[in-house]
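Q: Fold the following.
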Amino acid sequence: MQRKAYVPGVAALLAALLAGCTGGSGDGATADDSNPGQPGVATEAAEPGKYRTLPEPCGAVGDKALGSLLPGLEEIADEEQRKKAYAGEATLAYDTDRKVGCRWKVDSADATNHLFVDFERVVSYDNSVSDDSEAETLFAQQVESADLPEPTVSESESGSESASGSAPESGSPSATAPSGTPSAPASGSASSTAPSSSASAGATPAELQPRLLDDLGDEAFVDDELSSSGSTAKRRTVTVAFRTSNVVVTIEYAEQSATLGVVPDSEEMQDMARNLASQLADSLSG
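A: The predicted structure is shown next:
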(Lines give C-alpha, C1' and ligand atoms only; values in the text may rest on other atoms or scores of the structure.)
Protein backbone atom coordinates (compact mmCIF):
# COMPACT_ATOMS: atom_id res chain seq x y z
CA MET A 1 0.00 0.00 0.00
CA GLN A 2 1.58 3.34 -1.06
CA ARG A 3 1.70 5.88 1.71
CA LYS A 4 3.04 9.42 1.95
CA ALA A 5 6.05 9.74 4.22
CA TYR A 6 5.33 11.32 7.58
CA VAL A 7 7.81 14.13 8.36
CA PRO A 8 7.24 15.39 11.93
CA GLY A 9 9.13 18.67 11.48
CA VAL A 10 7.26 19.71 8.36
CA ALA A 11 3.89 18.66 9.84
CA ALA A 12 4.53 20.70 12.97
CA LEU A 13 5.56 23.75 10.90
CA LEU A 14 2.45 23.57 8.73
CA ALA A 15 0.22 23.17 11.79
CA ALA A 16 1.86 26.19 13.43
CA LEU A 17 1.35 28.28 10.30
CA LEU A 18 -2.32 27.28 10.15
CA ALA A 19 -2.74 28.13 13.80
CA GLY A 20 -1.19 31.55 13.22
CA CYS A 21 -3.61 32.27 10.40
CA THR A 22 -6.68 31.39 12.45
CA GLY A 23 -5.55 32.44 15.92
CA GLY A 24 -6.64 36.08 15.78
CA SER A 25 -10.16 36.76 14.56
CA GLY A 26 -11.81 40.16 14.50
CA ASP A 27 -14.83 39.08 16.51
CA GLY A 28 -12.80 37.96 19.51
CA ALA A 29 -13.55 34.24 19.08
CA THR A 30 -10.95 31.91 20.53
CA ALA A 31 -8.97 29.62 18.25
CA ASP A 32 -8.85 25.83 18.52
CA ASP A 33 -5.21 25.96 19.64
CA SER A 34 -5.93 27.89 22.83
CA ASN A 35 -3.20 26.00 24.69
CA PRO A 36 0.19 27.60 24.05
CA GLY A 37 2.67 25.30 22.37
CA GLN A 38 -0.03 22.90 21.15
CA PRO A 39 -0.46 23.29 17.37
CA GLY A 40 -3.88 22.57 15.93
CA VAL A 41 -4.53 19.14 14.45
CA ALA A 42 -5.91 19.20 10.91
CA THR A 43 -7.14 15.62 10.91
CA GLU A 44 -8.10 13.14 13.59
CA ALA A 45 -5.39 10.57 14.32
CA ALA A 46 -6.12 6.94 13.51
CA GLU A 47 -7.00 4.59 16.35
CA PRO A 48 -4.08 2.83 18.08
CA GLY A 49 -3.97 -0.96 18.13
CA LYS A 50 -5.48 -3.04 20.90
CA TYR A 51 -2.16 -4.45 22.09
CA ARG A 52 0.64 -2.39 23.65
CA THR A 53 2.83 -5.29 24.83
CA LEU A 54 3.62 -8.89 23.91
CA PRO A 55 3.68 -12.09 26.00
CA GLU A 56 6.90 -13.73 27.09
CA PRO A 57 7.29 -16.14 24.14
CA CYS A 58 8.90 -19.15 25.82
CA GLY A 59 6.27 -19.06 28.55
CA ALA A 60 3.38 -18.66 26.12
CA VAL A 61 3.27 -22.38 25.30
CA GLY A 62 2.30 -24.55 28.26
CA ASP A 63 4.07 -27.77 29.24
CA LYS A 64 1.08 -29.90 28.25
CA ALA A 65 1.06 -28.46 24.73
CA LEU A 66 4.83 -28.85 24.46
CA GLY A 67 4.57 -32.49 25.54
CA SER A 68 2.10 -33.20 22.73
CA LEU A 69 4.00 -31.29 20.05
CA LEU A 70 7.43 -32.54 21.10
CA PRO A 71 7.03 -36.17 22.22
CA GLY A 72 10.77 -36.57 22.74
CA LEU A 73 10.64 -34.29 25.80
CA GLU A 74 9.58 -37.07 28.13
CA GLU A 75 12.26 -39.35 26.71
CA ILE A 76 15.00 -37.08 28.09
CA ALA A 77 16.32 -38.96 31.11
CA ASP A 78 18.33 -36.16 32.70
CA GLU A 79 16.00 -33.89 34.65
CA GLU A 80 18.03 -30.72 34.12
CA GLN A 81 18.28 -31.35 30.40
CA ARG A 82 14.55 -32.01 30.27
CA LYS A 83 13.78 -28.74 32.04
CA LYS A 84 16.06 -26.90 29.65
CA ALA A 85 14.33 -28.50 26.65
CA TYR A 86 10.90 -27.49 28.00
CA ALA A 87 12.14 -23.92 28.57
CA GLY A 88 13.03 -23.39 24.92
CA GLU A 89 15.40 -20.75 23.56
CA ALA A 90 14.26 -17.16 23.05
CA THR A 91 15.18 -15.55 19.75
CA LEU A 92 17.29 -12.40 19.78
CA ALA A 93 15.00 -9.40 20.37
CA TYR A 94 15.96 -5.73 20.39
CA ASP A 95 12.51 -4.53 21.46
CA THR A 96 10.43 -7.08 23.35
CA ASP A 97 7.34 -4.88 23.02
CA ARG A 98 7.52 -5.19 19.23
CA LYS A 99 8.79 -8.66 18.25
CA VAL A 100 9.63 -11.79 20.26
CA GLY A 101 9.97 -15.50 19.57
CA CYS A 102 11.01 -18.85 21.00
CA ARG A 103 12.37 -22.11 19.55
CA TRP A 104 12.30 -25.72 20.70
CA LYS A 105 14.08 -28.73 19.18
CA VAL A 106 13.73 -32.23 20.58
CA ASP A 107 14.88 -35.62 19.33
CA SER A 108 12.92 -38.80 19.96
CA ALA A 109 13.32 -42.40 18.88
CA ASP A 110 11.00 -41.85 15.92
CA ALA A 111 11.66 -38.29 14.79
CA THR A 112 13.14 -34.86 15.40
CA ASN A 113 10.60 -32.13 16.12
CA HIS A 114 11.02 -28.38 15.86
CA LEU A 115 8.66 -25.69 17.13
CA PHE A 116 8.98 -21.96 16.58
CA VAL A 117 6.53 -19.33 17.87
CA ASP A 118 6.80 -15.68 16.84
CA PHE A 119 4.81 -12.67 18.06
CA GLU A 120 4.95 -9.31 16.27
CA ARG A 121 3.15 -6.17 17.44
CA VAL A 122 2.62 -3.81 14.52
CA VAL A 123 2.73 -0.05 15.03
CA SER A 124 1.90 2.48 12.33
CA TYR A 125 4.08 5.56 12.17
CA ASP A 126 1.57 7.32 9.91
CA ASN A 127 -1.04 9.19 11.96
CA SER A 128 -3.60 8.63 9.21
CA VAL A 129 -3.15 4.83 9.22
CA SER A 130 -4.25 2.75 12.20
CA ASP A 131 -2.10 0.04 13.75
CA ASP A 132 -4.72 -2.53 12.71
CA SER A 133 -4.58 -1.41 9.08
CA GLU A 134 -0.80 -1.58 9.10
CA ALA A 135 -0.96 -5.09 10.58
CA GLU A 136 -3.52 -6.09 7.94
CA THR A 137 -1.12 -4.95 5.20
CA LEU A 138 1.76 -6.86 6.78
CA PHE A 139 -0.34 -10.01 7.08
CA ALA A 140 -1.44 -9.75 3.44
CA GLN A 141 2.24 -9.75 2.46
CA GLN A 142 2.79 -12.84 4.61
CA VAL A 143 -0.11 -14.63 2.87
CA GLU A 144 1.32 -13.67 -0.50
CA SER A 145 4.76 -15.00 0.46
CA ALA A 146 3.19 -18.31 1.51
CA ASP A 147 2.03 -18.75 -2.11
CA LEU A 148 -1.10 -20.65 -1.17
CA PRO A 149 -2.74 -22.63 -3.98
CA GLU A 150 -5.62 -20.97 -5.79
CA PRO A 151 -8.43 -20.94 -5.07
CA THR A 152 -7.93 -21.13 -1.33
CA VAL A 153 -10.84 -22.81 0.44
CA SER A 154 -11.73 -22.33 4.09
CA GLU A 155 -13.25 -25.15 6.11
CA SER A 156 -16.73 -23.63 6.22
CA GLU A 157 -16.68 -23.07 2.46
CA SER A 158 -15.48 -26.58 1.73
CA GLY A 159 -18.23 -27.97 3.98
CA SER A 160 -20.95 -26.00 2.20
CA GLU A 161 -19.58 -27.07 -1.18
CA SER A 162 -19.67 -30.72 -0.15
CA ALA A 163 -23.24 -30.36 1.10
CA SER A 164 -24.35 -28.81 -2.16
CA GLY A 165 -22.52 -31.35 -4.27
CA SER A 166 -20.24 -28.76 -5.84
CA ALA A 167 -16.90 -29.74 -4.30
CA PRO A 168 -13.79 -29.23 -6.49
CA GLU A 169 -13.15 -32.03 -8.92
CA SER A 170 -10.15 -34.29 -8.58
CA GLY A 171 -7.16 -32.89 -10.41
CA SER A 172 -8.17 -29.24 -10.09
CA PRO A 173 -5.72 -26.83 -8.35
CA SER A 174 -8.06 -26.48 -5.37
CA ALA A 175 -8.16 -30.22 -4.83
CA THR A 176 -4.45 -30.97 -4.86
CA ALA A 177 -2.74 -32.25 -1.75
CA PRO A 178 -0.03 -30.62 0.36
CA SER A 179 3.42 -31.74 -0.68
CA GLY A 180 3.99 -35.40 0.05
CA THR A 181 0.53 -36.14 1.40
CA PRO A 182 -0.09 -39.87 0.82
CA SER A 183 -2.92 -40.49 -1.61
CA ALA A 184 -3.89 -42.82 -4.39
CA PRO A 185 -2.37 -42.09 -7.83
CA ALA A 186 -4.73 -40.16 -10.06
CA SER A 187 -5.02 -39.99 -13.79
CA GLY A 188 -5.23 -36.66 -15.55
CA SER A 189 -3.12 -33.54 -15.42
CA ALA A 190 -3.09 -32.69 -11.71
CA SER A 191 0.70 -32.52 -11.74
CA SER A 192 0.66 -29.72 -14.28
CA THR A 193 -1.63 -27.53 -12.19
CA ALA A 194 -0.37 -28.20 -8.66
CA PRO A 195 1.62 -25.40 -6.96
CA SER A 196 5.18 -26.03 -5.84
CA SER A 197 4.13 -26.68 -2.23
CA SER A 198 1.52 -29.26 -3.20
CA ALA A 199 1.82 -32.82 -4.35
CA SER A 200 0.86 -33.92 -7.83
CA ALA A 201 0.11 -37.50 -6.88
CA GLY A 202 -3.65 -36.96 -6.67
CA ALA A 203 -6.59 -35.46 -4.86
CA THR A 204 -6.91 -34.99 -1.13
CA PRO A 205 -9.63 -33.53 1.09
CA ALA A 206 -9.81 -29.74 1.00
CA GLU A 207 -9.21 -29.54 4.76
CA LEU A 208 -5.60 -30.63 4.26
CA GLN A 209 -4.73 -28.08 1.60
CA PRO A 210 -2.66 -25.01 2.39
CA ARG A 211 -5.50 -22.51 2.79
CA LEU A 212 -7.00 -19.50 4.47
CA LEU A 213 -8.75 -20.11 7.80
CA ASP A 214 -11.90 -18.37 8.98
CA ASP A 215 -12.05 -19.57 12.59
CA LEU A 216 -8.85 -18.07 14.01
CA GLY A 217 -8.25 -14.44 14.96
CA ASP A 218 -9.23 -11.71 12.51
CA GLU A 219 -7.61 -13.62 9.64
CA ALA A 220 -5.37 -16.67 9.38
CA PHE A 221 -3.86 -19.30 7.10
CA VAL A 222 -2.20 -22.71 7.27
CA ASP A 223 0.61 -23.86 5.00
CA ASP A 224 1.99 -27.39 4.69
CA GLU A 225 5.22 -28.32 2.95
CA LEU A 226 7.07 -31.61 2.66
CA SER A 227 10.71 -31.49 1.70
CA SER A 228 13.59 -33.89 1.43
CA SER A 229 17.17 -33.69 0.31
CA GLY A 230 18.58 -36.62 -1.57
CA SER A 231 18.30 -39.81 0.48
CA THR A 232 17.50 -38.10 3.79
CA ALA A 233 14.26 -38.70 5.65
CA LYS A 234 11.19 -36.64 4.90
CA ARG A 235 10.66 -33.36 6.80
CA ARG A 236 7.24 -31.77 6.99
CA THR A 237 6.76 -28.16 8.06
CA VAL A 238 3.32 -26.85 8.98
CA THR A 239 2.94 -23.09 9.37
CA VAL A 240 -0.07 -21.50 11.02
CA ALA A 241 -0.21 -17.70 11.11
CA PHE A 242 -2.95 -15.42 12.33
CA ARG A 243 -3.62 -11.75 13.02
CA THR A 244 -5.64 -10.38 15.89
CA SER A 245 -5.90 -6.59 15.90
CA ASN A 246 -2.32 -5.30 15.59
CA VAL A 247 -0.52 -8.52 16.61
CA VAL A 248 0.61 -11.17 14.12
CA VAL A 249 1.43 -14.65 15.46
CA THR A 250 3.32 -17.25 13.43
CA ILE A 251 3.78 -20.90 14.40
CA GLU A 252 6.15 -23.21 12.56
CA TYR A 253 5.92 -26.86 13.51
CA ALA A 254 8.27 -29.31 11.80
CA GLU A 255 8.94 -33.01 12.04
CA GLN A 256 11.66 -35.07 10.37
CA SER A 257 11.22 -38.81 10.54
CA ALA A 258 14.11 -40.89 11.81
CA THR A 259 13.24 -43.65 9.33
CA LEU A 260 13.63 -43.45 5.57
CA GLY A 261 10.34 -43.78 3.74
CA VAL A 262 8.21 -42.67 6.70
CA VAL A 263 6.31 -39.46 5.97
CA PRO A 264 5.14 -37.25 8.87
CA ASP A 265 1.35 -37.15 8.96
CA SER A 266 -0.11 -33.96 7.53
CA GLU A 267 -3.49 -34.09 9.27
CA GLU A 268 -2.04 -34.80 12.70
CA MET A 269 0.55 -32.03 12.45
CA GLN A 270 -1.96 -29.48 11.17
CA ASP A 271 -4.37 -30.32 13.98
CA MET A 272 -1.69 -29.86 16.64
CA ALA A 273 -0.39 -26.60 15.17
CA ARG A 274 -3.91 -25.19 14.86
CA ASN A 275 -4.78 -26.21 18.41
CA LEU A 276 -1.72 -24.34 19.65
CA ALA A 277 -2.69 -21.31 17.54
CA SER A 278 -6.18 -21.33 19.09
CA GLN A 279 -4.68 -21.45 22.59
CA LEU A 280 -2.39 -18.50 21.82
CA ALA A 281 -5.26 -16.53 20.31
CA ASP A 282 -7.35 -17.16 23.44
CA SER A 283 -4.49 -16.08 25.70
CA LEU A 284 -4.11 -12.80 23.76
CA SER A 285 -7.83 -12.11 24.00
CA GLY A 286 -7.97 -12.86 27.70
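
Q: what residue ranges in this structure score low on pLDDT?
A: Screening the chain residue by residue with the criterion pLDDT under 70, one finds the ranges 1-43, 151-206, 228-231, 286.

Q: What segments of it are strands?
A: Secondary structure of the chain by DSSP state E: the strands cover 89-90, 99-107, 111-121, 176-178, 198-203, 211-213, 219-227, 235-244, 247-257.

Q: Most tightly packed of the ones you listed?
A: By mean neighbour count, with neighbours taken as mean count of other CB atoms under 10 Å, strand 176-178 ranks first of those at a mean of 27. (C-beta placed from N, C-alpha, C; glycine too.)

Q: returning to what we had before: let me have the strands of the chain in JSON lines, extended by distance to Ser128.
A: Compiled in JSON lines, the strands of the chain are given as follows (distance: least, CB to CB, whole Å):
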{"stretch": "strand 89-90", "distance to Ser128": "35"}
{"stretch": "strand 99-107", "distance to Ser128": "24"}
{"stretch": "strand 111-121", "distance to Ser128": "20"}
{"stretch": "strand 176-178", "distance to Ser128": "40"}
{"stretch": "strand 198-203", "distance to Ser128": "40"}
{"stretch": "strand 211-213", "distance to Ser128": "28"}
{"stretch": "strand 219-227", "distance to Ser128": "22"}
{"stretch": "strand 235-244", "distance to Ser128": "20"}
{"stretch": "strand 247-257", "distance to Ser128": "21"}
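
Q: who wins for proximity to Val143 among these?
A: Using CB to CB as the measure, strand 219-227 is the one of those that comes nearest Val143, at 5.6 Å.

Q: which residues touch the closest one?
A: 136, 139, 143, 146, 148, 152, 178-181, 197, 199, 208-214, 234-243, 263-264, 266, 269-270, 273-274, 277 (CB atoms under 8 Å, 6 or more residues apart in numbering).

Q: Okay, helices next: where are they in the protein?
A: In chain order, the chain shows helices spanning 8-23, 57-60, 63-69, 79-87, 131-146, 155-164, 190-193, 266-285, with DSSP state H as the criterion.

Q: what's in contact with the third one?
A: In other words, helix 63-69. For helix 63-69, the surrounding residues in contact (CB under 8 Å, 6+ apart) are 61, 73-74, 86, 104, 113, 115, 253, 272-273, 275-276, 279.

Q: how about a cut-off of 6 Å?
A: Residues outside helix 63-69 that contact it (CB atoms under 6 Å, 6 or more residues apart in numbering) are 73, 86, 115, 272, 276.

Q: Widest-spaced pair of the residues you listed?
A: Farthest pair in the contacts of helix 63-69 (CB to CB) is Tyr86 and Met272. Separation: 16.7 Å.

Q: Tally up the residues packed near the closest residue in space to Glu267 that isn't next to it in sequence, please.
A: If you skip the residues right next to it in sequence, Glu267 has Leu208 as its closest partner in space, 5.9 Å away by CB to CB, 6 or more residues apart in numbering. The burial metric for Leu208, expressed as a neighbour count using other CB atoms under 10 Å, is 16.

Q: Also Arg274?
A: Every residue meeting other CB under 10 Å relative to Arg274 is counted, giving 20.
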